[in-house]
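A.B. asks: okay, sequence plus prediction incoming.
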Amino acid sequence: MHNTILYEANDRVAWITLNRPNKRNALSIKLCNEFLDAIAIAERDPDVRVIVIKGAGDRSFSSGFDMAEDKSEFGPSERAEWTFDHLEKLLDHACEFLHSVFHCSKPVIAMINGHCLAGALDLALWCDLRYCSDDSRFGAIEVRFAAGDTELPIMSHVIGQRCRELVYTGDVIDAQEAHRLGLVNRVFPKASLEEEVTRIAKRISRVALPTLVWSKRSLNNTLHAAGLDSALRYSYASDLIINKSDSEYRRFRELLRTEGAKAASRWIESIFAPFEPEMSGVASHMASKQPTKAGD
(Lines give C-alpha, C1' and ligand atoms only; values in the text may rest on other atoms or scores of the structure.)
Protein backbone atom coordinates (compact mmCIF):
# COMPACT_ATOMS: atom_id res chain seq x y z
CA MET A 1 0.00 0.00 0.00
CA HIS A 2 1.36 3.39 -1.00
CA ASN A 3 0.60 6.57 0.95
CA THR A 4 2.84 9.25 -0.54
CA ILE A 5 2.44 8.24 -4.16
CA LEU A 6 -0.54 7.12 -6.23
CA TYR A 7 -0.21 4.45 -8.90
CA GLU A 8 -2.60 3.69 -11.73
CA ALA A 9 -2.12 1.80 -14.98
CA ASN A 10 -4.56 1.61 -17.86
CA ASP A 11 -4.39 1.27 -21.62
CA ARG A 12 -0.60 0.74 -21.67
CA VAL A 13 0.20 3.88 -19.62
CA ALA A 14 1.22 3.90 -15.93
CA TRP A 15 0.63 7.08 -13.94
CA ILE A 16 2.73 7.77 -10.84
CA THR A 17 1.55 10.74 -8.77
CA LEU A 18 3.75 12.38 -6.14
CA ASN A 19 1.08 12.67 -3.47
CA ARG A 20 2.05 15.19 -0.77
CA PRO A 21 0.09 18.24 -1.99
CA ASN A 22 0.13 19.96 1.42
CA LYS A 23 3.95 19.83 1.31
CA ARG A 24 4.16 20.84 -2.36
CA ASN A 25 4.90 17.18 -3.08
CA ALA A 26 8.27 17.41 -1.32
CA LEU A 27 10.38 14.30 -1.78
CA SER A 28 10.46 12.54 1.58
CA ILE A 29 12.38 9.34 2.25
CA LYS A 30 9.09 7.43 2.33
CA LEU A 31 7.97 8.95 -0.97
CA CYS A 32 11.29 8.03 -2.62
CA ASN A 33 10.96 4.43 -1.41
CA GLU A 34 7.36 4.16 -2.59
CA PHE A 35 8.32 5.72 -5.92
CA LEU A 36 11.03 3.09 -6.44
CA ASP A 37 8.44 0.40 -5.74
CA ALA A 38 6.02 1.96 -8.25
CA ILE A 39 8.69 2.16 -10.95
CA ALA A 40 9.47 -1.53 -10.33
CA ILE A 41 5.78 -2.42 -10.67
CA ALA A 42 5.54 -0.56 -13.98
CA GLU A 43 8.78 -2.17 -15.17
CA ARG A 44 7.44 -5.68 -14.50
CA ASP A 45 3.99 -5.07 -15.99
CA PRO A 46 4.01 -6.36 -19.60
CA ASP A 47 0.96 -4.22 -20.40
CA VAL A 48 2.74 -0.95 -19.50
CA ARG A 49 4.72 0.71 -22.28
CA VAL A 50 5.15 4.26 -20.98
CA ILE A 51 5.17 5.90 -17.54
CA VAL A 52 3.97 9.41 -16.67
CA ILE A 53 5.04 11.15 -13.44
CA LYS A 54 3.01 14.06 -12.10
CA GLY A 55 2.43 15.94 -8.85
CA ALA A 56 -0.82 15.99 -6.90
CA GLY A 57 -2.71 19.27 -7.04
CA ASP A 58 -2.08 22.14 -9.43
CA ARG A 59 0.60 24.13 -7.58
CA SER A 60 3.71 21.95 -7.74
CA PHE A 61 5.19 19.02 -9.56
CA SER A 62 7.48 18.97 -6.52
CA SER A 63 9.44 21.46 -4.45
CA GLY A 64 12.41 19.09 -4.13
CA PHE A 65 13.83 16.96 -1.34
CA ASP A 66 12.17 17.49 2.04
CA MET A 67 14.67 19.42 4.11
CA ALA A 68 12.41 19.54 7.16
CA GLU A 69 12.22 15.76 7.40
CA ASP A 70 13.98 13.83 10.15
CA LYS A 71 16.77 11.90 8.44
CA SER A 72 18.25 10.37 11.60
CA GLU A 73 18.14 6.88 10.08
CA PHE A 74 21.09 8.01 7.95
CA GLY A 75 23.08 9.43 10.85
CA PRO A 76 22.97 11.94 13.74
CA SER A 77 20.03 14.33 13.66
CA GLU A 78 22.33 17.31 14.17
CA ARG A 79 23.43 18.32 10.66
CA ALA A 80 26.82 19.65 11.84
CA GLU A 81 27.74 16.23 13.22
CA TRP A 82 27.31 14.35 9.98
CA THR A 83 30.32 12.45 8.72
CA PHE A 84 31.12 11.56 5.13
CA ASP A 85 29.69 8.10 5.82
CA HIS A 86 26.33 9.55 6.83
CA LEU A 87 26.28 11.90 3.86
CA GLU A 88 27.15 9.05 1.52
CA LYS A 89 24.20 6.98 2.77
CA LEU A 90 21.81 9.86 2.23
CA LEU A 91 23.19 10.74 -1.19
CA ASP A 92 23.16 7.08 -2.24
CA HIS A 93 19.46 6.93 -1.42
CA ALA A 94 18.76 10.15 -3.34
CA CYS A 95 20.73 8.97 -6.37
CA GLU A 96 18.96 5.60 -6.43
CA PHE A 97 15.65 7.46 -6.51
CA LEU A 98 16.69 10.01 -9.15
CA HIS A 99 18.35 7.52 -11.49
CA SER A 100 15.49 5.01 -11.34
CA VAL A 101 13.66 6.65 -14.24
CA PHE A 102 16.81 6.53 -16.38
CA HIS A 103 17.43 2.86 -15.61
CA CYS A 104 13.79 1.92 -16.20
CA SER A 105 13.62 0.19 -19.59
CA LYS A 106 10.43 2.01 -20.58
CA PRO A 107 10.06 5.69 -21.59
CA VAL A 108 9.25 8.00 -18.66
CA ILE A 109 7.48 11.35 -19.04
CA ALA A 110 7.55 14.15 -16.46
CA MET A 111 4.28 16.10 -16.55
CA ILE A 112 5.18 19.31 -14.73
CA ASN A 113 2.37 21.47 -13.38
CA GLY A 114 3.68 24.33 -11.24
CA HIS A 115 6.97 24.41 -9.34
CA CYS A 116 9.77 22.00 -10.23
CA LEU A 117 12.70 22.89 -8.01
CA ALA A 118 15.99 21.47 -6.70
CA GLY A 119 15.82 17.67 -6.44
CA ALA A 120 12.52 17.62 -8.36
CA LEU A 121 14.24 19.32 -11.29
CA ASP A 122 16.91 16.63 -11.13
CA LEU A 123 14.21 13.95 -11.27
CA ALA A 124 12.57 15.61 -14.28
CA LEU A 125 15.92 15.88 -16.08
CA TRP A 126 16.44 12.11 -15.80
CA CYS A 127 13.06 11.48 -17.43
CA ASP A 128 12.97 10.84 -21.16
CA LEU A 129 10.52 13.67 -21.91
CA ARG A 130 9.31 16.76 -20.05
CA TYR A 131 6.08 18.68 -20.68
CA CYS A 132 4.91 21.56 -18.51
CA SER A 133 2.06 23.98 -17.88
CA ASP A 134 2.47 27.62 -18.82
CA ASP A 135 2.69 28.66 -15.15
CA SER A 136 5.52 26.25 -14.28
CA ARG A 137 8.71 27.44 -12.60
CA PHE A 138 12.11 25.74 -12.56
CA GLY A 139 15.28 26.27 -10.55
CA ALA A 140 18.42 24.62 -9.19
CA ILE A 141 17.82 26.60 -6.01
CA GLU A 142 19.92 24.30 -3.81
CA VAL A 143 23.07 26.09 -4.97
CA ARG A 144 22.00 29.16 -3.00
CA PHE A 145 22.33 27.22 0.24
CA ALA A 146 25.94 26.15 -0.36
CA ALA A 147 24.73 22.73 -1.49
CA GLY A 148 26.08 20.72 -4.37
CA ASP A 149 24.11 19.20 -7.22
CA THR A 150 25.06 15.60 -7.92
CA GLU A 151 23.05 15.62 -11.14
CA LEU A 152 24.91 18.35 -13.05
CA PRO A 153 26.08 15.91 -15.76
CA ILE A 154 22.50 15.19 -16.86
CA MET A 155 21.58 18.88 -16.80
CA SER A 156 24.59 19.61 -18.96
CA HIS A 157 23.49 16.88 -21.37
CA VAL A 158 19.94 18.25 -21.63
CA ILE A 159 20.68 21.97 -22.06
CA GLY A 160 24.44 22.13 -22.60
CA GLN A 161 26.54 25.07 -21.45
CA ARG A 162 23.40 27.08 -20.81
CA CYS A 163 23.09 25.22 -17.50
CA ARG A 164 25.98 27.22 -16.06
CA GLU A 165 23.89 30.33 -15.46
CA LEU A 166 21.23 28.29 -13.67
CA VAL A 167 23.70 26.54 -11.35
CA TYR A 168 25.83 29.62 -10.70
CA THR A 169 22.84 31.86 -9.81
CA GLY A 170 20.17 29.51 -8.48
CA ASP A 171 17.64 31.60 -10.40
CA VAL A 172 14.07 30.44 -10.87
CA ILE A 173 12.94 30.57 -14.50
CA ASP A 174 9.49 30.41 -16.09
CA ALA A 175 8.05 27.88 -18.52
CA GLN A 176 8.86 29.83 -21.67
CA GLU A 177 12.49 30.28 -20.68
CA ALA A 178 12.69 26.59 -19.80
CA HIS A 179 11.41 25.78 -23.29
CA ARG A 180 13.85 28.20 -24.89
CA LEU A 181 16.72 26.51 -23.09
CA GLY A 182 15.52 23.06 -24.13
CA LEU A 183 14.77 22.01 -20.56
CA VAL A 184 11.19 21.05 -21.51
CA ASN A 185 9.92 19.62 -24.78
CA ARG A 186 6.70 21.63 -24.93
CA VAL A 187 4.62 24.09 -22.90
CA PHE A 188 0.84 23.68 -22.74
CA PRO A 189 -1.94 25.81 -21.21
CA LYS A 190 -2.49 24.72 -17.63
CA ALA A 191 -6.07 23.62 -18.28
CA SER A 192 -5.10 21.28 -21.13
CA LEU A 193 -1.74 19.94 -19.86
CA GLU A 194 -2.96 16.52 -18.74
CA GLU A 195 -5.08 16.03 -21.85
CA GLU A 196 -2.14 16.86 -24.13
CA VAL A 197 0.33 14.69 -22.21
CA THR A 198 -2.15 11.81 -22.19
CA ARG A 199 -2.45 12.07 -25.96
CA ILE A 200 1.34 11.96 -26.35
CA ALA A 201 1.66 9.04 -23.92
CA LYS A 202 -1.00 7.10 -25.81
CA ARG A 203 0.85 7.66 -29.09
CA ILE A 204 4.08 6.39 -27.55
CA SER A 205 2.27 3.39 -26.06
CA ARG A 206 1.17 2.29 -29.53
CA VAL A 207 4.79 1.70 -30.52
CA ALA A 208 5.90 -1.92 -30.08
CA LEU A 209 7.44 -2.49 -26.65
CA PRO A 210 10.74 -3.98 -27.96
CA THR A 211 11.18 -0.89 -30.14
CA LEU A 212 10.67 1.44 -27.16
CA VAL A 213 12.94 -0.57 -24.85
CA TRP A 214 15.83 -0.97 -27.27
CA SER A 215 15.57 2.60 -28.51
CA LYS A 216 15.90 3.83 -24.93
CA ARG A 217 18.81 1.50 -24.25
CA SER A 218 20.59 2.75 -27.38
CA LEU A 219 20.06 6.39 -26.41
CA ASN A 220 21.20 5.74 -22.82
CA ASN A 221 24.26 3.87 -24.05
CA THR A 222 25.27 6.95 -26.03
CA LEU A 223 25.52 8.82 -22.73
CA HIS A 224 27.47 6.02 -21.08
CA ALA A 225 29.89 5.94 -24.01
CA ALA A 226 30.34 9.71 -23.68
CA GLY A 227 31.48 9.31 -20.07
CA LEU A 228 28.27 9.76 -18.07
CA ASP A 229 29.27 7.32 -15.32
CA SER A 230 32.63 8.98 -14.77
CA ALA A 231 31.02 12.43 -14.72
CA LEU A 232 28.46 11.30 -12.14
CA ARG A 233 31.17 9.85 -9.87
CA TYR A 234 33.05 13.16 -9.97
CA SER A 235 29.87 15.15 -9.35
CA TYR A 236 28.98 12.85 -6.44
CA ALA A 237 32.39 13.39 -4.83
CA SER A 238 32.06 17.15 -5.34
CA ASP A 239 28.67 17.12 -3.64
CA LEU A 240 30.14 15.37 -0.59
CA ILE A 241 32.90 17.96 -0.35
CA ILE A 242 30.48 20.88 -0.70
CA ASN A 243 28.14 19.42 1.92
CA LYS A 244 30.97 19.22 4.46
CA SER A 245 32.48 22.60 3.59
CA ASP A 246 32.60 25.39 6.15
CA SER A 247 31.20 28.18 4.00
CA GLU A 248 29.74 31.57 4.86
CA TYR A 249 26.33 29.92 4.62
CA ARG A 250 26.77 27.94 7.81
CA ARG A 251 24.22 30.42 9.20
CA PHE A 252 21.59 28.92 6.87
CA ARG A 253 22.20 25.46 8.28
CA GLU A 254 22.06 26.76 11.83
CA LEU A 255 18.73 28.51 11.17
CA LEU A 256 17.37 25.42 9.47
CA ARG A 257 18.21 23.33 12.52
CA THR A 258 17.08 25.80 15.20
CA GLU A 259 14.26 27.89 13.68
CA GLY A 260 13.09 25.87 10.70
CA ALA A 261 13.02 26.12 6.92
CA LYS A 262 10.96 29.32 6.74
CA ALA A 263 13.45 31.31 8.79
CA ALA A 264 16.40 29.86 6.88
CA SER A 265 14.75 30.71 3.54
CA ARG A 266 14.03 34.29 4.61
CA TRP A 267 17.67 34.75 5.55
CA ILE A 268 18.86 33.49 2.16
CA GLU A 269 16.27 35.66 0.41
CA SER A 270 17.59 38.76 2.15
CA ILE A 271 21.06 38.11 0.73
CA PHE A 272 19.92 37.74 -2.88
CA ALA A 273 16.93 40.12 -2.90
CA PRO A 274 18.81 43.31 -3.94
CA PHE A 275 20.10 41.60 -7.08
CA GLU A 276 17.09 39.55 -8.19
CA PRO A 277 15.44 39.79 -11.60
CA GLU A 278 11.76 40.60 -11.25
CA MET A 279 10.45 37.02 -11.04
CA SER A 280 13.29 35.03 -9.57
CA GLY A 281 13.13 35.33 -5.77
CA VAL A 282 13.39 31.87 -4.27
CA ALA A 283 11.47 32.28 -1.02
CA SER A 284 8.54 33.86 -2.85
CA HIS A 285 8.09 30.55 -4.69
CA MET A 286 7.88 28.47 -1.52
CA ALA A 287 4.93 28.41 0.85
CA SER A 288 5.99 26.54 3.95
CA LYS A 289 9.45 25.09 3.52
CA GLN A 290 12.52 25.33 1.34
CA PRO A 291 13.78 22.00 -0.02
CA THR A 292 17.13 21.32 -1.59
CA LYS A 293 19.41 18.35 -2.19
CA ALA A 294 19.03 15.53 0.27
CA GLY A 295 21.25 16.06 3.28
CA ASP A 296 21.10 19.85 3.35
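C.D. replies: Happy to help now that I have it. Numbering: from 1, shown residues only.

A.B. asks: ok, the residue nearest to Pro277 when sequence neighbours are not counted to Glu254 distance?
C.D. replies: In space, and not counting its chain neighbours, Pro277 is closest to Asp171: 6.9 Å by Cβ to Cβ, 6 or more residues apart in numbering. (Glycine included, C-beta is placed from N, CA and C.) Separation of Asp171 from Glu254 (Cβ to Cβ, to the nearest Å) stands at 25 Å.

A.B. asks: who has more neighbours, these two?
C.D. replies: Using other Cβ atoms under 10 Å as the criterion, Asp171 and Glu254 rank with Asp171 on top: 22 against 14.

A.B. asks: right, and the more buried one touches Phe138 too?
C.D. replies: No - under the criterion of Cβ atoms under 8 Å, Asp171 is not in contact with Phe138, lying 9.4 Å apart.

A.B. asks: show me the contacts for the residue most central in space within the chain.
C.D. replies: By Cα atoms, centre = their mean, the chain has its centre lying nearest to Ala120, at 1.9 Å. Ala120 sits next to 25, 27, 60-64, 291 when contact means Cβ atoms under 8 Å, 6 or more residues apart in numbering.

A.B. asks: go again using 7 Å as the cut-off
C.D. replies: 27, 61-64 (Cβ atoms under 7 Å, 6 or more residues apart in numbering).

A.B. asks: and it, what element?
C.D. replies: In this structure, Ala120 is located in helix 119-126 according to DSSP states H and E.

A.B. asks: average pLDDT across that helix?
C.D. replies: What helix 119-126 shows for mean pLDDT is 96.

A.B. asks: just checking, next helix/strand downstream of it?
C.D. replies: strand 129-133.

A.B. asks: strands paired with that following strand, and their directions?
C.D. replies: strand 108-112 (parallel), strand 186-188 (parallel) (DSSP bridges).

A.B. asks: contacts for the first one?
C.D. replies: Outside of strand 108-112, the residues within contact range by Cβ under 7 Å, 6+ apart are 50-54, 61, 101, 124, 127-133, 136, 184, 193-194, 197, 201.

A.B. asks: and what of the shortest one?
C.D. replies: When contacts are defined by Cβ under 7 Å, 6+ apart, strand 186-188 is touched by residues 131-134, 175-176, 179, 196.

A.B. asks: low-scoring stretches of the protein, by residue?
C.D. replies: 69-87, 146, 246-249, 278-296 (pLDDT under 70).

A.B. asks: need the helices for it, in chain order.
C.D. replies: 29-44, 84-103, 119-126, 152-159, 163-169, 175-181, 193-205, 209-225, 228-243, 250-258, 261-272 (DSSP state H).

A.B. asks: deepest in the core, which of those is it.
C.D. replies: helix 119-126 (a mean of 27; mean count of other Cβ atoms under 10 Å).
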